[in-house]
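>>> Have a look at this fold, sequence not included:
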C-alpha cells in the first residue's frame with residue numbers, strides 16, 4: 001500500500017526522538033557532531049538526510065541507516081509524484 005504524503009525525516013526525528021527524549025536541538029547537534037544550524041534545517045524540512053547523516057542518526061538512536069534513508073526516499077518520491085516526464089525519452 002502506498003503511503004500518502006510521507007513526512008519529512010526531520011519531522012519524524014522531532015516527533016519520535018527530540019520531543020519524547022526531551023532533547024534540545026543544541027544537545028542533539030552536539031551528540032551528532034554537527035552544527036545546530038544543520039540540525040535545525042533537517043528538522044524544519046529544508047534539507048534532506050544524507051547517507052552520512054543516516055549513519056549518525058542510526059548510531060545515536062540505535063536504529064538503522066536504511067530507516068532514515070527510506071524515510072527520505074519516500075518523502076522525495078512523494079514530492080515529485082506528478083512531475084511531467086513527457087519530454088523524457090524512453091530508451092528501452
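Now that the structure is in, tell me what you want to look at. Predicted model only: the values in this text are computed from it and were never measured.
>>> Count residues in the vicinity of residue 4, would you?
6 (other C-beta atoms under 10 Å). Glycine gets a C-beta too; all of them are placed from N, C-alpha and C.
>>> Check the nearest residue to it once chain neighbours are set aside and give its pLDDT.
Take residue 4 and drop its neighbours on the chain: the residue closest to it by C-beta to C-beta, 6 or more residues apart in numbering is residue 78, 7.9 Å away. Listed pLDDT for residue 78 reads 96.
>>> does residue 78 really touch residue 6, like I thought?
Yes - using C-beta atoms under 8 Å, residue 78 is in contact with residue 6, at 5.3 Å.
>>> Those two: who's more crowded?
With neighbours defined as other C-beta under 10 Å, residue 78 and residue 6 compare such that residue 6 has more, 19 against 16.
>>> how far away is residue 45 from residue 89?
From residue 45 over to residue 89 the distance is 33 Å, taken as C-beta to C-beta, to the nearest Å.
>>> again with residue 58
According to C-beta to C-beta, residue 58 and residue 89 sit 38 Å apart.
>>> These two: which is more packed in?
Of the pair residue 58 and residue 89, residue 58 is the one with more neighbours under other C-beta under 10 Å, namely 16 against 5.
>>> Give me the spatial nearest neighbour of the more buried one, chain neighbours excluded.
Nearest residue to residue 58, sequence neighbours excluded (C-beta to C-beta, 6+ apart): residue 65, at 4.5 Å.
>>> Tell me who's in contact with the one you found.
Contact partners of residue 65, counting by C-beta atoms under 8 Å, 6 or more residues apart in numbering, are 51, 54, 55, 57, 58.
>>> how does it look with 7 Å?
Applying C-beta atoms under 7 Å, 6 or more residues apart in numbering to residue 65 gives the contacts 51, 54, 55, 58.
>>> I'd say the last one and residue 64 touch.
This means residue 58. Yes - using C-beta atoms under 7 Å, residue 58 is in contact with residue 64, at 5.3 Å.
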